[in-house]
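Participant: Return atomic coordinates for the entry below.
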Amino acid sequence: MEYTCCETRLGPIYVAWTAQGIACVAAGEGEEEAFRARCRALTGQSPVRNDGRRAELERMLQGWLEGEPYDGPVDLSPLSPFDREVLAACRAIPRGEVRTYGELAAAVGRPRAARAVGGALRRNPVPLLIPCHRVVRSDGTIGQYSMGGPEVKRQLLAMEGAR
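Facilitator: All right, here's what the predicted structure looks like:
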C-alpha cells in the first residue's frame, strides 16, 4: 500500500492505494502519522509514501469536489461482507441527497440494523469516494463524520446542495 497527500480546497487529503484500488482516504493538515495509523487499523497494512500519483489523485479529488462521480476502483477487501454491502448501498446515494441510517439498513435488507449500518460507515476507509457524509440521523440531525467531524459533513452536504 502506498499513499500521498493531495492539496484540495478542503485542505490536505491523504489518499492510499493498493493494486486493487483506492484503499484509504483522510483529511488533515499535519496528520500524516494519524492517517498511517488509520490505514493500518482499517486494512492491516502499513502505507509507504509515494508522491508519484499525486497530480492524478489531486485531479480526481478536485473533479469529485466539483460534482464528478468517482466510479473508479476502491479496495474494500479487508472489510466484512456486511460492511461492503452497506458501503455499496451508500455509494449509490446520489449527490445532493441524503438517507438515514435506517433507510440504508432497509436498502441492504436489514431494516432493524441502523446501528450496525452506523458501525459499517465508521469503518468506511474511503470517505468522500463512498459518501458516508450523505447519511444522517432519523431526526434529520447531521450525526458524526470520520473525516473531520460534523462541521466538515455539513460543509460537504451544503456544497452538494443536499436537501
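
Participant: quick one, helices of this protein?
Facilitator: 32-43, 54-65, 81-91, 101-107, 114-122, 150-160 (DSSP state H).

Participant: Turn these into JSON lines, columns for distance to Val135 and mean pLDDT.
Facilitator: For every residue, glycine as well, the C-beta is placed using N, CA and C. Shown next, in JSON lines, are these (distance: least, CB to CB, whole Å; pLDDT from 0 to 100):
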{"stretch": "helix 32-43", "distance to Val135": "18", "mean pLDDT": "91"}
{"stretch": "helix 54-65", "distance to Val135": "17", "mean pLDDT": "94"}
{"stretch": "helix 81-91", "distance to Val135": "6", "mean pLDDT": "98"}
{"stretch": "helix 101-107", "distance to Val135": "6", "mean pLDDT": "98"}
{"stretch": "helix 114-122", "distance to Val135": "6", "mean pLDDT": "96"}
{"stretch": "helix 150-160", "distance to Val135": "9", "mean pLDDT": "91"}
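
Participant: Can you redo those as TSV, where the extra columns are mean neighbour count and distance to Thr4?
Facilitator: Below are these laid out as TSV (neighbours: other CB atoms under 10 Å; distance: least, CB to CB, whole Å):
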stretch	mean neighbour count	distance to Thr4
helix 32-43	16	11
helix 54-65	16	4
helix 81-91	19	23
helix 101-107	20	31
helix 114-122	18	24
helix 150-160	16	20
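
Participant: Redo these as a markdown table? Include distance to Arg9.
Facilitator: Below are those laid out as a markdown table (distance: least, CB to CB, whole Å):
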| stretch | distance to Arg9 |
| --- | --- |
| helix 32-43 | 19 |
| helix 54-65 | 6 |
| helix 81-91 | 22 |
| helix 101-107 | 28 |
| helix 114-122 | 24 |
| helix 150-160 | 9 |
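
Participant: Looking at these, which is nearest to Leu128?
Facilitator: Closest approach to Leu128 among these is made by helix 54-65 (6.2 Å; CB to CB).

Participant: centre of the chain versus the closest one, how much separation?
Facilitator: Taking CA atoms, centre = their mean, to the nearest Å, one finds the center of helix 54-65 at 15 Å from the center of the full chain.
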